[in-house]
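Engineer: need a 3D model of the following:
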Amino acid sequence: MNAYYSTLSGWIIPVTRAIKALDLDPVETLKRFDIDPAEVNNPEGRICVESLGNLFTYCNKYSGARNFNIEVAKCFHPSILHALGYAVQSAFCLQEALERVSQYKRVVSNCSNMEAYEMRDHLVVELVVYRYTDSGRLVLSADLIESFLATLVQLSRGLVGGDLNPVKIEFTFDRSSDACPTAMEFFNCPIEYGCERNAVLLDLNQAKERAFGNNPAINQMHIELLNQFMTRVDRTNLTYLIESKILDELPVGAPSQADVAKHLGYSLRNLQRKLSEQGTCYKDILDNTRKRITLNYIKQPHMSISEIGYLVGFSNVANFNRAFRRWEGCAPGEYRTKYLSTNDMVEHIQSRV
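Structural biologist: Next up, the predicted model:
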């Protein structure tokens, strides 16, 4: 029997708006594919991705070509992703926002993994779709894959400006026999089919530019909410569970791996083995957690450098400074000065006017 693959019920909002654009009854259309419209009122509700894929197929046939895929993306707003959406909107830059989506992709669905990585002058955002164990068929249909990549483009434009265009779109599936001018116009870049990956390629420099909506204090708050959510919905992923424990303990000192193992009900050796199976270790999780929190704190001018070091579990400023240089190649004060530079922000704003 296939595992139950699902996605966040918030997708009902853009799907409903896209259905209305076809002059179809959204409630009847959703129910036709066993999707309960009332699930949209449940912040942690899920809908069956198989049903969603069937709905997309139906609506695309009704509209012609693949217009529905793009219409759903156009109707997307980050708020449908709840805490993840707000964390994305308050990220420092587009690259950080997309890395956050990649990190917390499980919030959105359990159908795929997402990776955001640099490759030469590009930021590559790749969607790695899972397969059903019994048939080997991809969990996500070509329609859903195209719509999701279009949604990533829509999200990116909302964060850095509507003039953003991808460098290229890559799909693993073959080109449809039906041309879709709507998709070509929306992406406004080369689209390649039969590739080795499903991916959006963005200009790396543009992805690193400071976003208008960045707010480190709000960002940190929503990341903490995300970690709490992940510990509820994915008890198999030790990284989330360990990071949640680290966040609780850091202000009074970084917890030892032995303490974390005891908290989670594991022996130290068993925890080490399980983390190794997931391709990580406690030291890396602790270091990455400290770095992420530090980069949020350092952007808040009311917090002193020594206070930040204390809050992320360092016993003295010297140790904190050494760790920060290892992370960013400069002292904390230098990083803050660059971040808060009025001239940098003025240039950024002028480049967007």
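Engineer: for the closest residue in space to His222 that isn't next to it in sequence, grab the count of nearby residues.
Structural biologist: Distance criterion CB to CB, 6 or more residues apart in numbering; nearest residue to His222, sequence neighbours excluded, is Ala87 at 4.0 Å. All C-beta atoms are positioned from the backbone trio N, CA, C, and that covers glycine. One way to gauge burial is a neighbour count; for Ala87, by other CB atoms under 10 Å, it gives 27.
Engineer: is it true that Ala87 lies in a helix?
Structural biologist: Yes - with DSSP: H, G, I helix; E, B strand; the rest coil as the criterion, Ala87 is assigned to a helix.
Engineer: make 433 the first number, not 1, from now on.
Structural biologist: Okay, residue one is now 433; in that scheme the one you just asked about reads as Ala519.
Engineer: isn't it right up against Gln535?
Structural biologist: No - shown here, Ala519 and Gln535 do not form a contact pair, counting by CB atoms under 8 Å, at 9.6 Å.
Engineer: got any residues that touch both of these two?
Structural biologist: Here Ala519 and Gln535 share no contacting residue, scored by CB atoms under 8 Å, 6 or more residues apart in numbering.
Engineer: for the spatially most central residue of the chain, phi and psi?
Structural biologist: Centroid-nearest residue in the chain: Val533, 0.4 Å away (criterion: CA atoms, centre = their mean). Geometry field for Val533 lists phi and psi as phi -60, psi -40, criterion degrees, to the nearest 10.
Engineer: now Val561
Structural biologist: The main-chain torsion angles of Val561 are listed as degrees, to the nearest 10 and equal phi -90, psi 130.
Engineer: partner residues bridging it?
Structural biologist: Partner residues in beta bridges with Val561, using DSSP bridges, are Ser544.
Engineer: quick one: contacts for it?
Structural biologist: Cys543, Ser544, Leu570, Val571, Leu572, Ile577, Asn630.
Engineer: let me know the closest of the residues you listed to Gly485.
Structural biologist: Nearest to Gly485 among the contacts of Val561: Leu572, at 7.0 Å, using CB to CB.
Engineer: quick check: nearest residue in space to that closest one, chain neighbours excluded?
Structural biologist: Leaving aside its sequence neighbours, Leu572 sits nearest to Val561 (CB to CB, 6+ apart; 4.8 Å).
Engineer: rewinding a little: surely the residue nearest to the centre of the chain is in contact with Val540?
Structural biologist: Yes - counting by CB under 8 Å, Val533 does reach Val540; the two are 7.5 Å apart.
Engineer: may I see the buried residues of stretch 765-774?
Structural biologist: By neighbour count, with 16 or more other CB atoms under 10 Å as the criterion, the buried positions of stretch 765-774 are Tyr767, Arg768, Tyr771.
Engineer: okay, and which of those residues map to helices?
Structural biologist: Among the buried residues of stretch 765-774, the ones falling in helices (DSSP state H) are Tyr767, Arg768, Tyr771.
Engineer: quick check: mean pLDDT across stretch 615-631?
Structural biologist: Stretch 615-631 carries an average pLDDT of 94.
Engineer: distance from the chain centre to stretch 672-690, please.
Structural biologist: On the basis of CA atoms, centre = their mean, to the nearest Å, stretch 672-690 is displaced by 23 Å from the centre of the chain it belongs to.
Engineer: just the terminal-to-terminal distance for it.
Structural biologist: Between the opening and closing residues of stretch 672-690 we find a distance of 17 Å, counting by CA to CA, to the nearest Å.
Engineer: what comes up buried for it?
Structural biologist: In stretch 672-690, the ones that count as buried by 16+ other CB under 10 Å are 672-679, 681-682, 686-687, 689.
Engineer: ok, residues contacting it?
Structural biologist: Among residues not part of stretch 672-690, those counted as contacts by CB under 8 Å, 6+ apart are 656, 659-660, 662-663, 666-667, 691-692, 695-696, 700, 703-704, 714, 717-718, 721-722, 725, 742-745, 747.
Engineer: buried ones among those?
Structural biologist: Buried by 16+ other CB under 10 Å: 656, 659, 662-663, 692, 703, 714, 717-718, 721-722, 725, 742-745, out of the contacts of stretch 672-690.
Engineer: domain ranges for the protein?
Structural biologist: 438-640, 667-771 (automatic domain parsing).
Engineer: need the next SSE after the helix or strand hosting Lys694, C-terminal direction.
Structural biologist: Mapping Lys694 onto the secondary structure by DSSP states H and E places it in helix 689-696. Stepping forward along the backbone from helix 689-696, the first helix or strand reached (DSSP H and E) is helix 700-709.
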